[in-house]
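Peer 1: Sequence plus predicted model, see below.
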Amino acid sequence: MQKRRNFLFKIAKIFAFFVVILLFSIEVKSQETPKHFFSEKGFKIGISFYSIELPEGQYYKPLLLMGNFGWELTKKEKNGKWWIMFEPQLNPVFLDSKLKELEFGINLAFRYKYKIGANSFLYSQLGSGPHFITIPTDRQAHGFIFSDNLAFGISNKIMGNWMLETEFRIRHISNANVMKPNRGMNNVFIMIGLSKKIN
């Protein structure tokens, strides 16, 4: 069990390294040409205010640390627009207020963003993606898992092309019965982040 957890931590480090390299290469490419792959990019932090209680008597509380990269699908000027969002993440996990475990993975989501003022947007978002979790628990097999997310938020322009995002997010993780047990784990998060619109 300990060997497997150490192996997953090594995978997490490799994953983080490749995400940094990927983002750096995208930035370098964007400086060579006027076109950008992403329409928006930023970073978000999420704090869990509702957590599932595990059979072991602990509460599973991840701290979401995620990239926030968006690609605008709707090109015409409209009040409402569709986006595809990419969310690479490396999440420390707290059990009874102590940092003990780790999650990592990436989400792909569809977002609908609606303009409600000169500098404000409401949005809803639905997505999923592959993750790894390190926690050994009788509720959920550790290792490969899927993270399903439903989010509602507001995005406000604060200066220039910078946006402040606040978000309510519901998350369910389980593994589609690839491994047992598979009872799933649920969390509800309050998210806050900064993103920059790229022209």
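Peer 2: Perfect, thanks for sending it. Predicted, not measured: the structure shown is a model, and the values here were computed from it. Numbers count the residues shown, from 1 in each chain.

Peer 1: give the contact list for residue 109.
Peer 2: Each residue near residue 109 by Cβ atoms under 8 Å, 6 or more residues apart in numbering is listed here: 84, 85, 87, 125, 126, 127, 128, 149, 151. Using the backbone N, CA and C atoms, a C-beta is placed for each residue, glycine as well.

Peer 1: now residue 176
Peer 2: By Cβ under 8 Å, 6+ apart, the contact set of residue 176 is 146, 182.

Peer 1: you'd agree residue 177 is in a helix?
Peer 2: No. Secondary structure of residue 177 (DSSP: H, G, I helix; E, B strand; the rest coil): coil, not part of a helix.

Peer 1: quick one on the thing from earlier: just the buried ones out of the contacts of residue 109, please.
Peer 2: 84, 85, 87, 125, 127, 149, 151 (16 or more other Cβ atoms under 10 Å).

Peer 1: Assess the claim that the second one and residue 108 are in contact.
Peer 2: Yes. Assessed by Cβ atoms under 8 Å, residue 85 is found in contact with residue 108 at 7.3 Å.

Peer 1: shared neighbours, these two?
Peer 2: In terms of Cβ under 8 Å, 6+ apart, residue 85 and residue 108 are both contacted by the residues residue 127.

Peer 1: Please, which helix or strand holds residue 81?
Peer 2: Assigned by DSSP states H and E, residue 81 belongs to strand 80-95.

Peer 1: Restrict that strand to CA atoms and write it as CSV.
Peer 2: Extracted in CSV, the C-alpha atoms of strand 80-95 (Å, rounded to 0.1, in the frame of the first residue of the first chain):
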residue,chain,number,x,y,z
GLY,A,80,-24.2,34.7,-24.2
LYS,A,81,-21.2,32.7,-25.4
TRP,A,82,-20.0,29.1,-25.2
TRP,A,83,-16.5,28.2,-24.0
ILE,A,84,-14.4,25.1,-23.6
MET,A,85,-12.5,25.1,-20.3
PHE,A,86,-9.3,23.2,-19.4
GLU,A,87,-8.5,22.8,-15.7
PRO,A,88,-5.2,21.0,-14.8
GLN,A,89,-5.0,20.7,-11.1
LEU,A,90,-2.7,19.5,-8.3
ASN,A,91,-4.8,19.3,-5.0
PRO,A,92,-3.5,18.7,-1.5
VAL,A,93,-6.0,16.8,0.6
PHE,A,94,-6.7,17.5,4.3
LEU,A,95,-8.1,14.9,6.7
